[in-house]
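Student: structure, please.
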Amino acid sequence: MLKSNKFLFFDVDEFESIIIYYLESGDTSLSNKALKMALRQYPNNSSILLLKVEVLILENKIKEAEKIIDQLYKIEENNSEIIIQKARIFSKNKNHLKSINLLKKINKDCEFYYDSLIMIGKEYLFIDEFNEAKKKFKEYLDDFELDYSVFNNLIYCFDNIGDTDETINYLNIFLEKNPYSELGWHELGKQYLKKGLLKESLTAFDFAIISDDSFVGAYLEMGKVFEKLNKINNAIEQYKIVSEIDHPNSFALYRIACCHNKLGNIDLAISYYKKTIEEDPVHDKAWMSLSTIYYKQNEFLLSKENLIKALEIDSENIKYWELYSKINLKLGEYDEVEISCREIISQGELNLSTIIFLTKTILELPEITSLSEEILKRMDNLPQTYSGEIKYLSYVILFNSKNIQKANIYLKEAYIQNPAAYDYFRDIFPTIPQLHVFKNMNA
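Tutor: The predicted structure follows:
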């Protein structure tokens, strides 16, 4: 019919099969042509019109779909297929509660009941009603077939509710019913990990691998647990298995590199960091790790070269800019040090450790710059709980700027507010006088 444009007769069921075939193949053009032919023969058939609605929803022609579905709903209010399509349109229009209330009309003895459960669960997710969504997904998995997309949605609900113990209890019940569910065991291992139960998590990941010995996620998680247990060689074994199963896997290569770094196998670490970058050139952490190794080896130019690659990928990472400052201080590139400090300052809210780093850095610059004033301004944004610490740092910056009188006032206020921190800041900044000298100054 498509080729010759001749009119041939088909039953409704045959048209439905043809249209559904094209829809499932993702060919909306041919499904539309078949729909036109079907509607010429069966202009008022609800099954064909429902397929028309489905195509319109796929094409995001919601208003057209809504007109058809409203007409069908007036005629057959209890038709489950019509209810489902009408609910989908409500959802598209962000009327999630209307969609839920409509779907609840579908009875348990209907063939579309379990489809409606999934839809209701997803609608609850849209409005962050995780407890209600959880009930629907649980009912589906308890009564119907195992569907991993539904399982993942259920775990998402548990995670958002935040009750790890309840999640573990549910997963143990789930695994009694589905003992060879690799995803179930994998998720149980992750939940044990949240509780810090490392041995239990290892056992769960082991069962996941028994259920599916090609399950990459379980090997990766086992590797992470072995790292936490400081069993670095065991971790390397797990990551190597991942590399064999899922070659190439840049995450596994990176973790192998990190493990060798921890063991002091620096040449091997460098080799694996480079392999990581070969497989994933935008792996900024691998570039950063190489830069850190070269910095420790006093290979500052090589360190800078690798760090620039990391910064090109992630220019908002403060740790990268901190290392960039250190490298350029070693190279005597003071203009570059200033640039990196200003980049750090521009990154929004800074924490106390970053402010300490910036203060230490400007002390190493040969000339006083406007950076001092900018850092003092940024200190005002720190929480008031750090008021004493801020005053210690203000003293250091003002003393460095030759504003001695004002600096001393800040030091006195700092000691009054937080005397316990005096020795800590004295160790970091030798410009702060020894305590007995300071007390004599006060006297």
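
Student: SS state for residue 304?
Tutor: Of the three states, residue 304 takes helix according to DSSP: H, G, I helix; E, B strand; the rest coil.

Student: tell me the mean pLDDT over the helix or strand where residue 405 lies?
Tutor: Using DSSP states H and E, residue 405 sits within helix 404-417. Helix 404-417 shows a mean pLDDT of 92.

Student: now for it, which elements pack on it?
Tutor: helix 387-400, helix 422-428, helix 435-442 (3 or more CB pairs under 8 Å, 6 or more residues apart in numbering; DSSP states H and E). From N, CA and C alone the C-beta is placed, and that goes for glycine too.

Student: tell me which of those sits most buried.
Tutor: For the helices and strands packed on helix 404-417, the largest average neighbour count (mean count of other CB atoms under 10 Å) is found in helix 387-400, namely a mean of 22.

Student: show me the domain layout of this protein.
Tutor: When the chain is parsed with automatic domain parsing, its domains come out as 1-75, 349-443.

Student: can you give me how far the last one is from the chain middle?
Tutor: In this case it means domain 349-443. Mean-position distance between domain 349-443 and its chain equals 37 Å (CA atoms, centre = their mean, to the nearest Å).

Student: again with the first one
Tutor: For domain 1-75, the separation from the chain centroid amounts to 40 Å (computed by CA atoms, centre = their mean).

Student: distance between the ends of that domain?
Tutor: One end of domain 1-75 sits 32 Å from the other (CA to CA, to the nearest Å).

Student: the worst-scoring helix or strand of the chain on mean pLDDT packs against which elements?
Tutor: When the helices and strands of the chain are scored by mean pLDDT, DSSP states H and E, helix 435-442 comes last with a mean of 80. Under the contact definition 3+ CB pairs under 8 Å, 6+ apart, helix 435-442 sits against helix 404-417, helix 422-428.

Student: which one of these lies nearest to residue 312?
Tutor: helix 422-428 (31.9 Å; CB to CB).

Student: list the helices and strands that closest one packs on?
Tutor: Packing contacts for helix 422-428, counted by 3+ CB pairs under 8 Å, 6+ apart, involve helix 387-400, helix 404-417, helix 435-442.

Student: just the pLDDT for residue 219.
Tutor: Looking at residue 219, its pLDDT reads 97.

Student: and what of residue 365?
Tutor: For residue 365, the model assigns a pLDDT of 91.

Student: just confirm it contacts residue 335, I think it does.
Tutor: No. Residue 365 lies out of contact with residue 335 (CB atoms under 8 Å); the separation is 10.1 Å.

Student: ok, those two, which is more surrounded?
Tutor: Set side by side, residue 365 and residue 335 show more neighbours around residue 365, with 16 against 8, by other CB atoms under 10 Å.

Student: before we move on, the earlier item: list the buried residues of the helix holding residue 405.
Tutor: 407-408, 410-411, 413-415 (16 or more other CB atoms under 10 Å).

Student: cool, and stretch 149-164?
Tutor: Buried residues in stretch 149-164 (16+ other CB under 10 Å): 150-151, 153-155, 157-159, 164.
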